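J.: could you look at this predicted model? Sequence included:
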Amino acid sequence: MRIGIAALVGCLFCACPAPVGNDGGTGGGSATGGGAAATGGGGTATGGGSATGGGGAVSDGGPAGAPAWRRGLVKWQWVEIPGSTLSTVPVLNPTNNMMERPNGRIDAWNGLAANTDNNRVYLAAAGGHADWMGNEVYEIDLSVDAPTWRILRGPSAGNTISVGVNYYSDGRPSSTHLYYALHFVRSKNRVFKLSAGSVWGSGNESNSNVDGFDLATNDWDPMGTWDAGTPHGAAINRPYAQHPTTEDLYTFFGGAFRRWNAADGTWQRLADRPNYANDDIVYGSASAVDPSRSRAIFMRNAYRVSMNQGLALTFSGALSDVTFTGTNISDALSAEVAMHWLSSEDAFILKTDSGGQVLRIDANTFAISAISTTGPNPPDAVNGVFTRWQYLPLLGGFAYLPRHSANFWFLATE
C-alpha cells in the first residue's frame, strides 16, 4: 500500500518513536499529574471530571447564556480559552503502563468532531503510524466557563494491540492519523471515523472502514457494524464535507465522488473523477457543504492548482470546475487547511495553518479575501488544520485547536 507524503515527511520532523508491538511504547513522556486520568484495558475513564458553571444571560456581547470566556467579544475577534489544552491530560500508555501526554494525539495529522447542539468537541482513536497506539476517546465541553478535557473511554489493553492492523484483538479500531475523517452525527449520537489514514505501525496501512463511538455506552460499536467505504482507495488525507442539517458527508475515493448517507450509514456513488486526474485529485483539500445551493465545494484540485481551480459537486452528482479570484489564493488552495460555510456571510470561512490568518470565499463568486481579525493570534498549526476548525453556531463563532500544546482559540463571527 502507498504511504502518504504527509506521513513520510511528518516522521522526519516529529521525532516519531519506532513502531512497537505488545511489549512497549514510547509516546509523549511520563506524566506527573493534571488533567484527566485514564484506566487501562479499554475501560471507562473517570478522571478529570466535567467542567461546571457557565454563564447566564449576557448583556455585554455574545449569545445569550455564553460562557465567561465568550462574553464581550466583537465580530472577528480572537480569544484564547484558558485551561483547554490537551497537553495537561495524561493517558495510560497501554504497552508500558506509564501515564503519558503524547502530542501525537493532535499533532500527528489529527482532527476533531463537534456536536453543534451542545458545543462539545471530541477526539477519538487519534495517533497512528509511529506516533501513538491508544484508541481512547476524549470530550471537552466548550459551553462552560472553564472547559477541560476528560477521557470517555481509555485505550484498548496492551495485550490486544498489534501493529499494522485495522482492529486490535478486542475488536476496537486501531489508532490512526485521522486527517479529515472524524465527524459527529447527532441523529446517531455517535462520533464516526469514516476511514483510517495511517494506523499504528509502519505507516503503510490504511483502510476505508467506518467506525462509530456510541456516546450512550461510551464504547466503540462492534467492527463491521457500519458499511465500509469500498472499494478501498485514497484513505490517506481524504476530505469530508458534512451537511449541517442532513449530516450526510461528501468525499472522494476509489475513483469517484461519493456520499455517506447519515440516515442509514450507506454509501452512494455520485460522480466519476475527471479523466485527466488520478485518485489524488482532491488529496488534502479543504471542503464544505453549501446547503443553500445544494453542493459541496472542494478547494483543491491537485491537477488545476496553477489554474486556481477547485471543484463543485451537486447533491445530484453533477461535477464542475470553479475558479477562484482575489487575494491569498495560494494559501486557500494549500493542502490540509479547513473551512465551513457560514450562512450569515453566504461565504466559506477558511482557516490556514498560519497563525490567525482567516480567509473568506464568497459562495457565489468564489472571490477570496482576507478577514481582518482583532485580538492576539493563535500559534501556527502543527501538521495541518483538518477538522480542528469547528463552527459552533450556538457560541457564534469558530473553535480552533492549532496544536497539542495549545489551548483552544475562538474566533467570534457575530
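T.: Good, I have the coordinates.
J.: okay, and for this structure, where does confidence drop off?
T.: Within the chain, the ranges that satisfy pLDDT under 70 run 1-61, 234.
J.: OK, contacts around the nearest residue to Arg172 once chain neighbours are set aside?
T.: Sequence neighbours aside, Trp220 is the residue nearest to Arg172 in space, at 4.6 Å (criterion: CB to CB, 6 or more residues apart in numbering). Bear in mind the C-beta positions are built from the backbone N, C-alpha and C, glycine included. With contact taken as CB atoms under 8 Å, 6 or more residues apart in numbering, Trp220 is in contact with 135, 153, 171-173, 211-214.
J.: in a markdown table, list the residues you listed along with neighbour count and distance to Asn97.
T.: Output for the contacts of Trp220, formatted as a markdown table (neighbours: other CB atoms under 10 Å; distance: CB to CB, whole Å):
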| residue | neighbour count | distance to Asn97 |
| --- | --- | --- |
| Asn135 | 32 | 16 |
| Arg153 | 23 | 17 |
| Gly171 | 14 | 22 |
| Arg172 | 25 | 18 |
| Pro173 | 25 | 22 |
| Asp211 | 30 | 26 |
| Gly212 | 22 | 28 |
| Phe213 | 26 | 24 |
| Asp214 | 14 | 27 |
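J.: from those residues, pick the one nearest Thr251.
T.: When the contacts of Trp220 are compared for distance to Thr251 (CB to CB), Asp211 wins out at 15.5 Å.
J.: tell me what that closest one is bridged to.
T.: Per DSSP bridges, the residues bridged to Asp211 are Lys193.
J.: surely it meets Pro222?
T.: No. The criterion here is CB atoms under 8 Å, and Asp211 misses it with Pro222 at 9.6 Å.
J.: which SS state does the residue most central in space within the chain fall under?
T.: Nearest to the mean C-alpha position of the chain, by CA atoms, centre = their mean, lies Gly111 at 2.4 Å. Secondary structure, DSSP: H, G, I helix; E, B strand; the rest coil: Gly111 is coil.
J.: list the contacts for it?
T.: So Gly111 contacts 126, 178-182, 386-388 (CB under 8 Å, 6+ apart).
J.: sorry, back to before: what is in contact with Asp211 and Pro222 at once?
T.: With CB under 8 Å, 6+ apart as the test, Asp211 and Pro222 reach no residue in common.
J.: torsion angles phi and psi at Gln77?
T.: Note on Gln77: backbone dihedrals following degrees, to the nearest 10 are phi -100, psi 130.
J.: so what pairs up with it in the strands?
T.: Per DSSP bridges, the residues bridged to Gln77 are Thr374.
J.: these two touch, right, it and Gly375?
T.: Yes. Using CB under 8 Å, Gln77 is in contact with Gly375, at 4.7 Å.
J.: quick check: Trp69 touching Gln77?
T.: No. Using CB under 8 Å, Trp69 is not in contact with Gln77, being 11.9 Å away.
J.: quick one, which of the two is more surrounded?
T.: Just comparing Trp69 and Gln77: by other CB atoms under 10 Å the higher neighbour count belongs to Trp69, 24 against 17.
J.: now, the contacts of Trp220 that are in strands?
T.: 153, 211-214 (DSSP state E).
J.: for the residues you listed, which one is nearest Asn275?
T.: Asp211 (33.3 Å).
J.: next one: the residue nearest to the centre of the chain from Arg70, what distance?
T.: 23 Å (CB to CB, to the nearest Å).
J.: tally of neighbours for Ala318?
T.: Neighbours around Ala318, by other CB under 10 Å: 12.
J.: excluding chain neighbours, give the residue nearest to it in space.
T.: Nearest-residue entry for Ala318: Ala271, 7.1 Å, with adjacent residues in sequence omitted and distances by CB to CB, 6+ apart.
J.: partner strands of the helix or strand where that neighbour lies and their direction?
T.: Using DSSP states H and E, Ala271 sits within strand 266-272. Applying DSSP bridges to the sheet, strand 266-272 is found paired with strand 256-261 (antiparallel).
J.: flag every buried residue along the strand it pairs with.
T.: 256-260 (16 or more other CB atoms under 10 Å).
J.: now do it: everything it contacts.
T.: When contacts are defined by CB under 8 Å, 6+ apart, strand 256-261 is touched by residues 194, 210, 229, 248-252, 266-273, 313, 315, 317, 319.
J.: repeat that with 7 Å
T.: Residues outside strand 256-261 that contact it (CB atoms under 7 Å, 6 or more residues apart in numbering): 194, 248-252, 267-273, 313, 319.
J.: before we move on, the earlier item: identify, from the contacts of Gly111, the entry nearest to Ala146.
T.: Distances from Ala146 to the contacts of Gly111, taken by CB to CB, are shortest for Arg388, at 20.6 Å.
J.: quick one: contacts for the residue nearest to that closest one when sequence neighbours are not counted?
T.: Closest residue to Arg388 apart from its sequence neighbours, by CB to CB, 6+ apart: Leu401 at 4.5 Å. Each residue near Leu401 by CB under 7 Å, 6+ apart is listed here: 106, 112, 388, 408.
J.: now the ones in strands among the contacts of Trp220 in a markdown table, with distance to Ser344?
T.: Formatted as a markdown table, the ones in strands among the contacts of Trp220 follow (distance: CB to CB, whole Å):
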| residue | distance to Ser344 |
| --- | --- |
| Arg153 | 36 |
| Asp211 | 34 |
| Gly212 | 32 |
| Phe213 | 31 |
| Asp214 | 33 |
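J.: let me know the closest of those residues to Ile281.
T.: Out of the ones in strands among the contacts of Trp220, the member with the shortest distance to Ile281 (by CB to CB) is Asp211, at 25.5 Å.
J.: skipping adjacent residues, who's closest to Gly158 in space?
T.: Pro94 is the one closest to Gly158 (CB to CB, 6+ apart), at 4.0 Å.
J.: the stretch 151-300 of the chain: strands as residue ranges?
T.: 182-185, 190-193, 211-214, 219-220, 240-242, 249-253, 256-261, 266-272, 287-290, 295-298 (DSSP state E, counting those that start in this stretch).
J.: the longest one vs strand 249-253, what angle?
T.: Looking back up the chat, that one is strand 266-272. Angle, strand 266-272 to strand 249-253, by axes from the mean of the first three to the mean of the last three CA atoms, to 10 degrees: 60 degrees.
J.: buried stuff in strand 266-272?
T.: Neighbour-count burial for strand 266-272 flags 267, 270-271 (criterion: 16+ other CB under 10 Å).
J.: list phi and psi for Ile329.
T.: Ile329 adopts backbone torsions of phi -60, psi -40, taken as degrees, to the nearest 10.
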